[in-house]
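S.K.: Quick check, what structure comes out for this input:
(one chain, ligands or ions: 1)
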Amino acid sequence: MYTRILVANRGEIALRILRACREMGIETVAVFSEADRGAAYLDLADQAICIGGPRGGDSYLKQASIIAAAEIGNVQAIHPGYGFLAENPGFADVCRSCQIDFIGPTPEAMMLLGDKEKARRLAKKADVPVVPGSDGIVESEDAALRTAHELGFPVLIKAVAGGGGRGMRVAQNDLKFKSELAQAQAEAGAAFGDPSVYLEKYVQFPRHIEVQLIADQHGNVCHLFERDCTTQRRHQKLIEESPAPNLSDELRAEICDAAVRIARAANYTNAGTVEFILDRENNFYFIEVNTRIQVEHPVTELVTNIDLIKTMIRVAAGEELPFTQENIKPSGAAMECRINAEDPNHGFRPNPGKIDRLIAPGGFGVRFDSHAHSGYSVPPYYDSMIGKLLVHQPTRDEAIACMLRALTELRVDGLKTTKPILREILNHTAFHEMRMDTTFVERTWKKRD
Ligand code: MV4
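M.R.: Predicted structure coming up:
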């Protein structure tokens, strides 16, 4: 097992990893930018090294600085967290060439699944349903238009190198299709350095279901069941929950088993998440794989009682999974609300600044994962999430009641946060009756934008 690990991230996920390491008796090296100097969570690390200026490109994305800190800190492994370099195969490769373990999948698996069209092809080969679409990337305008007509509008034009909602464009009809296709290719080329796109039938008003995977280096692959992430706004998730409501056990098993087949086909190791959409007739379709630990991983930890960060570290160090699929019996209902420093009454624009007073909620079944505290200043350089409020209760209705109570207790004085919209959604009958789809928030909250 490792004796020292570098945490190549910041904020709540850095704190999450520092906590897991301390419990495992593993020493830690934290890295921080000038903007995070003095942050309280850094005190939990055995060593903290400044790696550059506030901008991501000058610090948390600067591979040479992180590797230098790893050498100075004499670590055996690096945990990338999520965002920044977590899904960068080049960085995982640099770690490998420096004989530093990357706590995550291999560069090969990351590259394969990071290409959304290759991932789609791999899903097809693994008998996993994919959305009807083009057979491969679009080669010519005319061929694309023919395919679009065969699929029936609206169609989605998706960048091969995109993901997470980036590099995606809806084409409503054939009038502007060619110009929309050209624009999508230009945007993909500019944003990802690869203009390749593929087409998919646009599944209207879907639910967004994702399956947590964990695999070791000895061929053991487990799913840790699903999370429903349908309640989101412009690809920013607001509320995530497990189990997905109104999902039959048969359909749950089908979706989770499909995710395991994809992991095996990709030779996947460590933690990952397979994303699906569910249409109104309860047909599910593979969308993409996220080759990282995700913000919402604690939702799964609560219902399975498995510490995903500790398991990632053990698996990266070569240990076998400490459980089998049969051992994993989820219990209760877990829910997560993202507390972002954003102003819901001004288009959710970031609202960085000083938190005069923060009072975290507690009580039975409440978990608050946050690096913030009274007097903490939320920097403007990074994403606006200041913490995740989670609850775990026997039933979904009790989870909603507990979340509403915990949100009432949560105080973040001095900053505007997403708390009001979270309360509004949690009080909405559509949410209680799970009549949500990925456009619900935008449709119901639009009046305030
Ligand atoms: C889709 C889709 C509907 N039809 N693909 C792509 C990125 C991934 N994270 C979610 N994505 C989607 N792919 C087809 N063929 C719906 C989504 C989707 C979504 C799309 C637009 C706005 C918000 C969304 C939230 C979840 C899923």
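
S.K.: contacts for the strand or helix carrying residue 302?
M.R.: Using DSSP states H and E, the element containing residue 302 is helix 297-304. Residues outside helix 297-304 that contact it (C-beta atoms under 8 Å, 6 or more residues apart in numbering): 212, 224-225, 227, 240-243, 271, 306-309, 328, 330-336, 367, 369, 388, 390, 392. Quick note: C-beta positions are derived from backbone N, CA and C, even for glycine.

S.K.: How about stretch 399-408?
M.R.: 241, 332-335, 337, 361, 363-366, 368, 389, 391-393, 419, 422-423, 426-427, 431-432.

S.K.: next one: stretch 126-143
M.R.: 117, 120-121, 123-124, 144, 147, 151, 155, 157, 160, 178, 181-182, 185, 196-201, 203, 258, 261-262, 264-265, 277, 283-287.

S.K.: Can you give the distance of stretch 304-317 from its chain's centre?
M.R.: Relative to its parent chain, stretch 304-317 has a centroid offset of 17 Å by C-alpha atoms, centre = their mean, to the nearest Å.

S.K.: just stretch 200-212 next, same as before
M.R.: For stretch 200-212, the distance to the chain centre is 15 Å (C-alpha atoms, centre = their mean).

S.K.: Same question for stretch 230-242.
M.R.: 10 Å.

S.K.: ends of it, how far apart?
M.R.: This stretch, stretch 230-242, spans 12 Å end to end (C-alpha to C-alpha, to the nearest Å).

S.K.: SS state for the residue of the stretch 301-449 of the chain found nearest the ligand?
M.R.: The ligand sits closest to residue 438 of the stretch 301-449 of the chain, with a gap of 3.5 Å, by C-beta to the nearest ligand atom. Recorded secondary structure, residue 438: coil (DSSP: H, G, I helix; E, B strand; the rest coil).

S.K.: and it, what is it in contact with?
M.R.: Residues near residue 438 by C-beta under 8 Å, 6+ apart: 205-208, 230, 232, 277.

S.K.: continuing past the helix holding residue 302, what's the next helix or strand?
M.R.: Next along the chain after helix 297-304, with elements defined by DSSP H and E, is helix 308-316.

S.K.: Can you list the strands that the next helix or strand after that next one pairs with?
M.R.: Counting by DSSP H and E, the element after helix 308-316 in chain order, helix or strand, is strand 333-340. Using DSSP bridges, the strands paired with strand 333-340 are strand 236-242 (antiparallel), strand 385-393 (antiparallel).

S.K.: list the buried ones in the next helix-or-strand element following the last one?
M.R.: Toward the C-terminal end, the helix or strand that comes next after strand 385-393 (DSSP H and E) is helix 396-409. Within helix 396-409, the residues that qualify as buried are 396, 398-400, 402-403, 406-407, counting by 16 or more other C-beta atoms under 10 Å.

S.K.: Can you give me the distance of residue 70 to residue 383?
M.R.: Applying C-beta to C-beta, to the nearest Å, the value for residue 70 to residue 383 is 24 Å.

S.K.: And those two? Which one has more around it.
M.R.: Between residue 70 and residue 383, counted using other C-beta atoms under 10 Å, the more crowded position is residue 70 (23 against 15).

S.K.: gap between the strand or helix carrying the more buried one and the chain center?
M.R.: Using DSSP H and E, residue 70 sits within helix 63-73. Relative to its parent chain, helix 63-73 has a centroid offset of 26 Å by C-alpha atoms, centre = their mean.

S.K.: Can you name the next helix or strand after it?
M.R.: Using DSSP H and E, the helix or strand that directly follows helix 63-73 along the chain is strand 77-79.

S.K.: List of residues touching that next one?
M.R.: Contact partners of strand 77-79, identified using C-beta under 8 Å, 6+ apart, comprise 2, 5-9, 17, 66, 70, 95, 100-104, 309, 312-313, 316-317.

S.K.: re earlier: among the contacts of residue 438, which are located in helices?
M.R.: Nothing among the contacts of residue 438 maps onto helices, per DSSP state H.

S.K.: Now for those residues: which two are most distant?
M.R.: 205 and 232 (13.2 Å; C-beta to C-beta).

S.K.: Between these two, which is the more surrounded one?
M.R.: Using other C-beta under 10 Å as the criterion, residue 205 and residue 232 rank with residue 232 on top: 20 against 14.

S.K.: Does the more buried one touch residue 238 like I think?
M.R.: Yes - applying C-beta atoms under 8 Å, one finds residue 232 in contact with residue 238, separated by 5.8 Å.

S.K.: Mutual contacts of those two, please.
M.R.: Both residue 232 and residue 238 are in contact with residue 441, where contact means C-beta under 8 Å, 6+ apart.

S.K.: Low-confidence ranges, this protein, go.
M.R.: For the chain, residues meeting the criterion pLDDT under 70 lie at 446-449.

S.K.: which parts of it sit against the ligand?
M.R.: Residues of the chain found near the ligand (C-beta under 6 Å from any ligand atom) are 131, 156, 164-165, 168, 200-203, 206, 208, 232, 235, 275, 277, 287-288, 438.

S.K.: mind redoing it with 5 Å?
M.R.: 131, 156, 165, 200, 202-203, 208, 287, 438 (C-beta under 5 Å from any ligand atom).

S.K.: List the ones among those residues that fall in strands.
M.R.: 156, 200, 208, 287 (DSSP state E).

S.K.: Let me have those residues in a markdown table, adding neighbour count and distance to residue 192 as columns.
M.R.: Converted to a markdown table, these look like this (neighbours: other C-beta atoms under 10 Å; distance: C-beta to C-beta, whole Å):
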| residue | neighbour count | distance to residue 192 |
| --- | --- | --- |
| 156 | 19 | 16 |
| 200 | 20 | 18 |
| 208 | 22 | 22 |
| 287 | 23 | 17 |
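
S.K.: about what we covered before: so which of the strands paired with strand 333-340 is nearest residue 82?
M.R.: In terms of C-beta to C-beta, the element of the strands paired with strand 333-340 nearest to residue 82 is strand 385-393, at 10.6 Å.

S.K.: Give me the angle between the closest one and helix 396-409.
M.R.: Between the axes of strand 385-393 and helix 396-409, defined by axes from the mean of the first three to the mean of the last three C-alpha atoms, to 10 degrees, the angle is 140 degrees.
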